[in-house]
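Asker: Here you go, sequence then predicted model.
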4 protein chains.
Amino acid sequence: MNKVKVGIVGLGRQGIDQARNIAFRIPNAELMAVNSIIKEEVQEVQQNWGIPYGYTDYNEMLANEELDAIVIISPSPEHCWQIEAALDAGFHVFSEKPLGVSMEECKIAERAVERNEDKVFMLGFMRRYDPSYAYAKQRIQEGSIGKPILVRATSIDPESTIEGAIRFAATSGGLFLDMTVHDIDLARWFLESDVKSLYATGGCYLHEEFEQYGDGDNVAALMHFENGTMAMFHSGRNAPHGYHVETEIVGTHGTLRIGSVPQENQVMIFDNHGARQECVNGFQERFEEAYRLELQEFIDCILEERKPDVSVYDGTKSTEVAYAATESFRENKLMTFKKEVSQSNE
Amino acid sequence: MNKVKVGIVGLGRQGIDQARNIAFRIPNAELMAVNSIIKEEVQEVQQNWGIPYGYTDYNEMLANEELDAIVIISPSPEHCWQIEAALDAGFHVFSEKPLGVSMEECKIAERAVERNEDKVFMLGFMRRYDPSYAYAKQRIQEGSIGKPILVRATSIDPESTIEGAIRFAATSGGLFLDMTVHDIDLARWFLESDVKSLYATGGCYLHEEFEQYGDGDNVAALMHFENGTMAMFHSGRNAPHGYHVETEIVGTHGTLRIGSVPQENQVMIFDNHGARQECVNGFQERFEEAYRLELQEFIDCILEERKPDVSVYDGTKSTEVAYAATESFRENKLMTFKKEVSQSNE
Amino acid sequence: MNKVKVGIVGLGRQGIDQARNIAFRIPNAELMAVNSIIKEEVQEVQQNWGIPYGYTDYNEMLANEELDAIVIISPSPEHCWQIEAALDAGFHVFSEKPLGVSMEECKIAERAVERNEDKVFMLGFMRRYDPSYAYAKQRIQEGSIGKPILVRATSIDPESTIEGAIRFAATSGGLFLDMTVHDIDLARWFLESDVKSLYATGGCYLHEEFEQYGDGDNVAALMHFENGTMAMFHSGRNAPHGYHVETEIVGTHGTLRIGSVPQENQVMIFDNHGARQECVNGFQERFEEAYRLELQEFIDCILEERKPDVSVYDGTKSTEVAYAATESFRENKLMTFKKEVSQSNE
Amino acid sequence: MNKVKVGIVGLGRQGIDQARNIAFRIPNAELMAVNSIIKEEVQEVQQNWGIPYGYTDYNEMLANEELDAIVIISPSPEHCWQIEAALDAGFHVFSEKPLGVSMEECKIAERAVERNEDKVFMLGFMRRYDPSYAYAKQRIQEGSIGKPILVRATSIDPESTIEGAIRFAATSGGLFLDMTVHDIDLARWFLESDVKSLYATGGCYLHEEFEQYGDGDNVAALMHFENGTMAMFHSGRNAPHGYHVETEIVGTHGTLRIGSVPQENQVMIFDNHGARQECVNGFQERFEEAYRLELQEFIDCILEERKPDVSVYDGTKSTEVAYAATESFRENKLMTFKKEVSQSNE
């Protein structure tokens, strides 16, 4: 079997999960190298899993000519330069979202992808690869619901992880960039169009700590797309029941709703609290399969010499919209997209 | 508007509920007389609702020639003689289930009905008139699920009413006669056949108080019908979540399931207990509409000179089967119905 | 029993349904008079139900001194003057929504209510009296979900009634005034605040016939409230599955969702289409109980000398917001409420 | 990493699925050898996946001293002798269910396990390893539902696979042995007791082809356990909606229900068929994860020198009960277990 030789950068929780997928759950991939600035992390993975190469310096890993592809699961501010360096060094590249933490960075990544067009570049909008989302997309393409006209999306992190969210707030970019960006990508994917105008609102209703960063604990946005369709978003930080990601696609002849109850499993409990289902605790649990399947798709694209469904432009566009939503929320104004983001009343 | 003039016997909780239905919610009926052995109950209803006649003696009410129909919501041991007396006095008769507390009593009622065949007699198997059950029956008659082959039924009283159930245990006739009898009627109705053989089991798993009466707090039965179809029953006394009545009809080409979650209303709650629905608290709440609709049907039958779907024989047959199930449960033996109930090994 | 004597104006489908409720399902009310400009309608109801008084002229009915209260279910443009005339003639008044078809009319009604403050006036925002909505409100008042921060509402008429909707389009006032106005009222009720700014969008995605009236077949709006809370709305004309009214109230400590599946009954069908529930066909079916309960509340308010939860100002405010949403949708601009409705960029 | 070297016998659809799990999805296992009597199957797998050893003769595989464990996914009549041979040759053994096709065979396997007690033997009752079933068991052990008193189980194959089921009918052993045996194992597991008496019934309601084998297309059984608890079973061949496996465990203080709707994914569809979920198509789809996890547990048991939860006696007991149910169904009699299976009336 022809196997793609992979090096990974970033060995935090998400990095380890994806390293494990590459090492053990993707038959046509081989984890050959691991890279982290923390030497102990590198050594531990190498020893436990028998990985031949370990690096604390990213550029040293890029010098390893045995590798075919680089998977980037490092902190967000590292994504863009690592993408550019890996592509220019001749590797296929997968990067965890977001593409970058500023529009300038995103443009740098765009240009790197453009000048290395023989390479596979894929961005980690994993929700597209979740079996339920993929099924919905397929049904839409088959015409089951007619023409999609509205996407309604809810993404709420569990209250149980609020401490981490507060710690992360200074650098997260805010709810729209951190959470809603996934829903924006899905809306663009389902509606097959780009945002034309948007209005956003929200606030700190339970956790005032987010306010100092111009962020909210719950935000909402309504967007009008270039092809006349619509999308509504609610994102939050404090669902008491768990991690709630729900998406509805309304079409002219039917509606698909994904994850209406974010059930942990197929067990219903009847007890003194009523008839109930317990809910998933976080994105790792909800999208475990999606995370594996997106990497599988990346590897298959390399071997089959084709491009994935998620392009670098999806990263740029979603980021641009998330920034505009943040501005709308902060300044209570309507945002309109022309060539450049602008206010409505200019 | 032509109105049926009704006298009611029994002004306990259920009697009051049905008296209210007759007085205020059934346009073509008029509550003319109320009867209870407790004088205060009679006076209170007469005064509050302006009811012309009040009686503490049942036979005096039967002497009132203004009345057209008698509705019996008295204690179970009174049903049969009151049915017989009212029919023989020339009234249409509705009786709350059970028909009687012994097979002998049931036969007395059967004969009274037979010798007054110009009168409407109806037994209160109200579940048949619940909109969801009626809808299921209609769908089956339209052929939506092919031929029905299996009825699976669950009926569990809420743990919150356990004290009353224990007090009532000495005279209830046991779980099969008190609860399962409704499911037996439904199974006969949906499967359009009579029970041929059955096996029942159960026990006192939480509330040992029932044991002294040869009763259980949870019982189950499997029945084989004359037309080859099947039914499975679970009845209980202690659902922590509420009043759970669920019925499934499996057909050759589809299945209908009624009341899978005994929801109190259309509200789903997402909180630290998960995603949940609160459940109905008792039969009055679950079957409020059915209780009204069965009386409406009784009145309509009188005015339209037709017979209701529920006959006196449905009462006799269900009671007979419930007795056999009780015997099977107590003696751990297979029961077979020929002309008479008999043991399997005779 | 002390009964409120009621006269009703309007005997269309909805008028007949409410007349029937007054006549037969509300114990402490008596339907004494019916009024319609169509003589045959009046005569038919009088004869069928034995109603003493019939009128083809509204003012003649108001001259009937036996009556205590007037129930108005006439066409929308008649509401305001009939409200004013009835109040000034000394009657308690119930009016079907909308309060009026212009802000000027609404103000006329407001003033009539103000100068007759000893009379009960109630507007037919019936959803508040639906058992599920009432339960949600009660749970919120008990603090079950903390502080409400977001209302998300969906209201879609069934595709099966599209022809009537198109015929009605010229005079309906548009989707926001005809449908969303109910959700706006609910949002104000649940969030206990008024709208501060809003943005709306939408279009004709399946039925272009609405376009000539500046209306859409699907519209959406996002609103920011004075107390910082939010509401999102989606209203439409063409749900293939039935009448879909769903409302979610997100609180700081829990979420309530009402009508997530607009189930027709408690039957689940398992067949070659999967596991499914059939859905309600229209507002009459979904809110049958609510229509009865709102009138019951109106009657009870009269007898108990108190005011209902829905005031005339709820009618004015909801109408004002619905007009602003319509303008936002038509002109793609942010609307901000100060004392008066104004555009965002003034 | 220390890896268990595995040889597999049987490369049919299920065999290939499990071979793939061993080769690619279980990190601490290595697929070293494949065995099938069809040479082409062996060669294809070896070439595609690079498996070092291939055999058409089972005993030759057992002579390979590099192997640690044998996984048996061969036709049912081969299971017992292959189990015995592999254990006696010094290997750890996993066998797909059923243990054997007669009680004599099961006893042979039992004795082989007993005389090789240092080896891990595991039987493929995979449902115990499905995340939802495992979660239910854990909750029960934690006391969440009090004492389990009733298991109710439904297992229905999809109508779409009926042709295969009919072809397989002559050798399947019948519905109780082929399908219900899984539910019997689960009931014994959840109730922690053995069957004392049982009654079964059923018939051919749609597909008469099963009748010639003394089999039905739908069967049901009620069982009484030694510790006083109960279980009810319904098994069938022709669910129009898909593969329906549902299990309910009723406890003294709560109920757990697994798979009430056998949903294919988390998508709800609203269209002209109502609000619906599509259902899984077969056991491979429903229990894909369970099949992987049971093998993972087998491998972990070997490396950690412990025994799995499923023992050889679980295989023998479930088979014994399934045979008794078949006899009860065929002869319409109550079966009672003493030391040996016997009729109730002996």
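Answerer: It's in. In this text the structure is predicted, and so the values were computed from the model without any measurement.

Asker: Please report how far residue A:32 lies from chain C.
Answerer: Per Cβ to the nearest Cβ, to the nearest Å, residue A:32 is found 45 Å from chain C. Just so you know, the C-beta spots here come from the backbone N, C-alpha and C atoms, and that holds for glycine as well.

Asker: and that residue, what helix or strand is that in?
Answerer: Assigned by DSSP states H and E, residue A:32 belongs to strand A:29-35.

Asker: which residues are contacting that strand?
Answerer: By Cβ atoms under 8 Å, 6 or more residues apart in numbering or on different chains, the residues outside strand A:29-35 that reach it are A:3-11, A:19, A:22-23, A:41-42, A:45-46, A:49, A:51-58, A:61, A:64, A:66-67, A:295, A:299.

Asker: Whichever residue of chain A sits closest to chain B: which element?
Answerer: When scored by Cβ to the nearest Cβ, chain A has residue A:276 as its residue closest to chain B, at 3.3 Å. According to DSSP H and E, residue A:276 maps onto strand A:274-277.

Asker: same for the helix or strand just after that strand, what does it pack against?
Answerer: On the C-terminal side of strand A:274-277, the closest following helix or strand by DSSP H and E is helix A:283-286. Taking 3 or more Cβ pairs under 8 Å, 6 or more residues apart in numbering or on different chains; DSSP states H and E as contact, the helices and strands that helix A:283-286 lies on are helix A:13-20.

Asker: From what I see, residue A:169 and residue A:207 are in contact.
Answerer: No: under the criterion of Cβ atoms under 8 Å, residue A:169 is not in contact with residue A:207, lying 9.1 Å apart.

Asker: residues in contact with the residue of chain A closest to chain B?
Answerer: Residues A:268-270, B:273-277 are the ones in contact with residue A:276 under the rule Cβ under 8 Å, 6+ apart.

Asker: In a markdown table: the residues you listed, plus pLDDT.
Answerer: Written out in a markdown table, the entries for the contacts of residue A:276 read as follows (pLDDT from 0 to 100):
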| residue | pLDDT |
| --- | --- |
| A:268 | 98 |
| A:269 | 98 |
| A:270 | 98 |
| B:273 | 97 |
| B:274 | 97 |
| B:275 | 97 |
| B:276 | 98 |
| B:277 | 97 |
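
Asker: from the residues you listed, which two are the most distant?
Answerer: In the contacts of residue A:276, the most distant members under the criterion Cβ to Cβ are A:270 and B:275, with 13.5 Å between them.

Asker: Pull the CA coordinates from stretch A:316-327 and hand them back as PDB.
Answerer: Output in PDB follows, covering the C-alpha atoms of stretch A:316-327 (Å, rounded to 0.1, in the frame of the first residue of the first chain):
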ATOM      1  CA  THR A 316     -10.200  33.800   4.000                       C
ATOM      2  CA  LYS A 317     -13.900  34.500   3.300                       C
ATOM      3  CA  SER A 318     -15.100  33.100   6.600                       C
ATOM      4  CA  THR A 319     -12.500  35.100   8.500                       C
ATOM      5  CA  GLU A 320     -13.500  38.300   6.600                       C
ATOM      6  CA  VAL A 321     -17.200  37.700   7.500                       C
ATOM      7  CA  ALA A 322     -16.400  36.900  11.100                       C
ATOM      8  CA  TYR A 323     -14.400  40.200  11.400                       C
ATOM      9  CA  ALA A 324     -17.200  42.100   9.900                       C
ATOM     10  CA  ALA A 325     -19.700  40.500  12.300                       C
ATOM     11  CA  THR A 326     -17.500  41.400  15.200                       C
ATOM     12  CA  GLU A 327     -17.400  45.100  14.000                       C
END
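
Asker: what residues does chain A put near chain B?
Answerer: Chain A has residues A:239-242, A:244, A:261-263, A:268-279 near chain B, with proximity defined as Cβ under 8 Å from any Cβ of the partner chain.
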